[in-house]
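Asker: quick check, what structure comes out for this input:
(chains A and B)
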Amino acid sequence: KAGVTQTPRYLIKTRGQQVTLSCSPISGHRSVSWYQQTPGQGLQFLFEYFSETQRNKGNFPGRFSGRQFSNSRSEMNVSTLELGDSALYLCASSLAPGSTDEQYFGPGTRLTVT
Amino acid sequence: QQQVKQSPQSLIVQKGGISIINCAYENTAFDYFPWYQQFPGKGPALLIAIRPDVSEKKEGRFTISFNKSAKQFSLHIMDSQPGDSATYFCAASNLGGSQGNLIFGKGTKLSVKP
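Answerer: Numbers count the residues shown, from 1 in each chain, chains lettered A, B, ... in the order given. Predicted coordinates:
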């Protein structure tokens, strides 16, 4: 069974631009969560999607948004990029929120904002 | 209330030794405690997880010890190997409340010397 895939793997953007990252969960998994990883703040929860609905949201500004499609694939968008948005963005999938306890992470998208 | 505190920040162990990483939490609603292992350039991989109804769980060389009254849990790596050199993260979530998001500790960088 293929793992969680994320595209692109690396991205360089300029301040003020916007970016869209994509995540394809493990086949059969319907819940997708996004995390931001930085050296200073560690791993921080961004949001969680299930059945195309955002179920939970972390403490991030409104510039960070996401969505989930009917095939469970998910995208996250960051608008008006700031230098501090440089991070590894990780997507994790699970069968469903709350009913299962195993989240599997993708390799991440390394975003660099210059 | 949501924080998970992890220690030590870094750890150096000789090959064959025991590596011990500790975590503490405040939120008594947490009911799922996983440990993740992350190698450079990779996403976190689930190593082992425990629920609060048991005090210990062992999988191969990896053991989680859980102390509900102290709100602490730890990861023990027996017979540590150079291949175990990675960053380890403890995490917690409230699955019973259908909160699938993981709250992570800051991570422990483990180096196993040959």
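
Asker: other residues contacting the longest strand belonging to chain B?
Answerer: Counting residues, the longest strand found in chain B (DSSP state E) is strand B:86-94. Surrounding strand B:86-94, the residues in contact under the criterion C-beta atoms under 8 Å, 6 or more residues apart in numbering or on different chains are A:42-43, A:101, B:4, B:6, B:21, B:23, B:25, B:27, B:29-39, B:44, B:47, B:73, B:75, B:99-105, B:107-110. The C-beta positions use only the backbone N, C-alpha and C, and glycine is treated the same way.

Asker: may I have that strand exported as CSV, CA atoms only?
Answerer: C-alpha atoms of strand B:86-94 as CSV (Å, rounded to 0.1, in the frame of the first residue of the first chain):
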residue,chain,number,x,y,z
ALA,B,86,17.2,10.1,14.9
THR,B,87,14.9,12.7,16.5
TYR,B,88,12.2,11.3,18.7
PHE,B,89,8.9,13.1,19.4
CYS,B,90,6.4,12.2,22.0
ALA,B,91,2.8,13.4,21.3
ALA,B,92,-0.7,13.3,22.8
SER,B,93,-4.2,13.6,21.6
ASN,B,94,-7.8,13.4,22.8
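
Asker: one step back: just the ones of the contacts of strand B:86-94 in helices?
Answerer: Using DSSP state H, no member of the contacts of strand B:86-94 falls in helices.

Asker: mark which of those are buried, thanks.
Answerer: Among these, those buried by neighbour count (16 or more other C-beta atoms under 10 Å in any protein chain shown) are A:42-43, A:101, B:4, B:6, B:21, B:23, B:25, B:30-38, B:44, B:47, B:73, B:75, B:99-105, B:107-108, B:110.

Asker: can you give me the strands in the chain?
Answerer: All of this refers to chain A. A:5-7, A:10-13, A:19-24, A:31-38, A:42-50, A:53-57, A:64-68, A:74-78, A:87-94, A:104-105, A:109-113.

Asker: oops, I was thinking of chain B
Answerer: Going by DSSP E, chain B shows strands at B:4-7, B:10-14, B:19-25, B:33-38, B:45-50, B:56-59, B:62-67, B:72-77, B:86-94, B:99-104, B:108-113.

Asker: in a markdown table, list these along with mean pLDDT.
Answerer: Converted to a markdown table, the strands of chain B look like this (pLDDT from 0 to 100):
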| stretch | mean pLDDT |
| --- | --- |
| strand B:4-7 | 96 |
| strand B:10-14 | 98 |
| strand B:19-25 | 98 |
| strand B:33-38 | 95 |
| strand B:45-50 | 92 |
| strand B:56-59 | 96 |
| strand B:62-67 | 96 |
| strand B:72-77 | 98 |
| strand B:86-94 | 94 |
| strand B:99-104 | 81 |
| strand B:108-113 | 97 |
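
Asker: these: which one's closest to residue A:96?
Answerer: Among the strands of chain B, strand B:99-104 comes nearest to residue A:96, with 8.1 Å by C-beta to C-beta.

Asker: residues in contact with residue A:79?
Answerer: Per C-beta under 8 Å, 6+ apart, neighbours of residue A:79: A:18, A:63, A:65.
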